[in-house]
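Colleague: How does the following fold in three dimensions:
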Amino acid sequence: MSRRPRLAAFAAATAALIALSGCAASTSESDTEAPAASDAFPVTIEHAFGETVIESEPQRVLTLGWGSGDAVLALGVVPVGMEAQNYGGDENGVLPWAVDALTEMGAETPLIFPATADAPAYEQIAEAAPDLILATYSGITEEQYDLLSEIAPVVAYPELPWSTPWRDVISITGTALGQSAAADEVLANIDALVAEKAAENPEFEGKTVAATFDVGGTFYVYKPADPRVEFLLDLGLENAPAVDALSNGDSTFFYTLSYEKLDELDSDLLIAYAETEEVGDTFAAQPYAQSIPAVANGGLVAVNGASLVASVSPPTALSLPWGIDSFVDAIAGALN
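Modeller: Numbers count the residues shown, from 1 in each chain. Take a look at the predicted model:
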């Protein structure tokens, strides 16, 4: 199934449940007895900076970071603003699966405000006049959270920055929008798809894997807690003991490893994310890459192209259906 029809199928699979939760585009007399999303409020969501009370059903949702915007769209809601996705997005910072979702919904592209390493775009966020800001998978600091909270209620990440499990991003978004049942249905559809792919590829079971990214002279190895790795484990793979043995750095989601020690990164498979095929080929040809056991043994999984990398880094409510076929095919190709 092509990416766009698959996305449409996912939308169709959840449409009935979303309608029951009160988020259909229109309401007829026969719909009025169905429970409305507004019945779920107020809700209280705990997160790293305390708790946020959402008094009533949000009407103007704005999203920061990764995944929240996709989760909102998957639940049939168009945000008033989304942070630009500079990696994998189009010239406006909109990712291809989000473009597809907006097209399917017949909606215009919302305000796209810039993403910077320093701070959120407070002025543009305020101009969007949101009544809820979702930053469930982001890196906002407590100071930034406080400033954003002066604009609208903010739901931050549960514990650590850039480490929220991708499923939790969807479920938290569902709770915040009063659509927990619809979010559960989105997750059920995704879990069924992942289980289908795992069943189609029994050779994945028990194979060890290290997920990596080589850029700017630094070699990154993603931690077991990173949602990228979580997705790999869902497919039946196992995190390599060599990754578990690493302990350097204070990042919540990656280790770094010197090129001189890459021969110690022992695994059956090495996932190597690269922005372009040329970059991926350049990495694979380097002597330090050839010293990695999985690369030397034919177990290199080249995940090339910014959009494909983004679709599984980590996956989201919309990106996983979009990219899973290409990703799984790359893994299967390395094993076969």
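
Colleague: could you measure the residue nearest to Ser319 when sequence neighbours are not counted against Gln144, distance?
Modeller: Beyond its immediate neighbours in the sequence, the residue positioned closest to Ser319 (CB to CB, 6 or more residues apart in numbering) is Ser311, lying 4.0 Å away. C-beta here means a position set from N, CA and C on the backbone, and glycine is covered the same way. In this view, Ser311 and Gln144 are 27 Å apart by CB to CB, to the nearest Å.

Colleague: Of these two, which one has the most company?
Modeller: Summary of the neighbour comparison: Ser311 and Gln144, criterion other CB atoms under 10 Å, with Ser311 having more neighbours (26 against 20).

Colleague: dump the residue contacts of the more buried one.
Modeller: Under the criterion of CB atoms under 8 Å, 6 or more residues apart in numbering, the neighbours of Ser311 are 88, 97, 319-320, 322-324, 327.

Colleague: do Leu177 as well
Modeller: Residues in contact with Leu177, defined by CB under 8 Å, 6+ apart, are 23, 37, 57-58, 61, 72, 75, 77.

Colleague: Most neighbours among those residues, which one?
Modeller: For these, counting by other CB under 10 Å, the largest number of neighbours falls to Val72: 30 neighbours.

Colleague: and the helix or strand that one falls within, average pLDDT?
Modeller: When elements are defined using DSSP states H and E, Val72 is found to belong to helix 68-74. When the per-residue pLDDT values of helix 68-74 are averaged, the result is 98.

Colleague: Now find how far off-centre it is within its chain.
Modeller: Average the C-alpha atoms of helix 68-74, do the same for its chain, and the two points are 10 Å apart (CA atoms, centre = their mean, to the nearest Å).

Colleague: Need the contact partners of stretch 240-260.
Modeller: For stretch 240-260, the surrounding residues in contact (CB under 8 Å, 6+ apart) are 160-163, 208-210, 213, 218-226, 264-268, 288.

Colleague: Same question for stretch 97-115.
Modeller: In this structure, residues lying in contact with stretch 97-115 by CB under 8 Å, 6+ apart are 3-4, 7-8, 11, 69-70, 73-74, 76, 78-86, 90, 92-94, 121, 124-125, 128, 311, 316, 318-319, 321-322.

Colleague: So how do I select the buried members of these in PyMOL?
Modeller: In PyMOL syntax, the buried subset of these is picked out as below (16 or more other CB atoms under 10 Å):
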select buried, resi 3+4+7+8+11+69+70+73+74+76+78+79+80+81+82+83+84+85+93+94+121+125+128+311+316+318+319+321+322
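
Colleague: What is the three-state secondary structure of Tyr220?
Modeller: Under the three-state scheme (DSSP: H, G, I helix; E, B strand; the rest coil), the conformation of Tyr220 reads as strand.

Colleague: Just grab the bridge partners of it for me.
Modeller: Taking DSSP bridges as the rule, Tyr220 bridges to Phe213, Thr256.

Colleague: Thr212 is in contact with that one, correct?
Modeller: Yes. Between Tyr220 and Thr212 there is a contact at 6.3 Å, judged by CB atoms under 8 Å.

Colleague: Thanks a lot, see you next time.
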